[in-house]
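Peer 1: Predicted model, plus sequence, below.
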Amino acid sequence: MERRVPSRQNLLDEDFPAADIAITGNTVIDALLHTVSLDARYADPAPQAAADADRDIILVTTHRRENLHAMAAIGRGLHRLATFFPRHHLCRPAAPQPRRTGNHHPPRGE
């Protein structure tokens, strides 16, 4: 949370009332920053291989239901990213969508 303190100070410097400023978190980013600080091993071999490869990882989150209709376009975009950044790992964690049927993972490219 300390990285958001300068933003609060910027608002105070612009004469926003302190009572009107609420500092909130981004749980995904906060969890990511916490996780990368750990010396942990992954049970799944794919993320462990990415971690062991000592390569930069591009984390992509598409977990919101609002994104489900756009998975094909997202997949094409990820394929282009992989082409432009071949030395990086792309990581897109996916949780099951129990209310939906079919494949909601983006295709790997065309």
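Peer 2: Received, thanks.
Peer 1: Please, where are all the strands along the protein?
Peer 2: All strands of the chain, identified by DSSP state E, fall at 57-59, 89-91.
Peer 1: now for the last one, which elements pack on it?
Peer 2: In terms of contacts (3 or more CB pairs under 8 Å, 6 or more residues apart in numbering; DSSP states H and E), strand 89-91 is packed against helix 45-52, strand 57-59, helix 71-84. Backbone N, C-alpha and C define where each C-beta goes, glycine included.
Peer 1: how close does residue 10 sit to residue 24?
Peer 2: Counting by CB to CB, to the nearest Å, the gap from residue 10 to residue 24 is 15 Å.
Peer 1: Neighbour count for these two, which is higher?
Peer 2: When residue 10 is set against residue 24 and neighbours are counted by other CB atoms under 10 Å, the residue ahead is residue 10, at 11 against 7.
Peer 1: measure the more buried one to residue 21 for me?
Peer 2: 10 Å.
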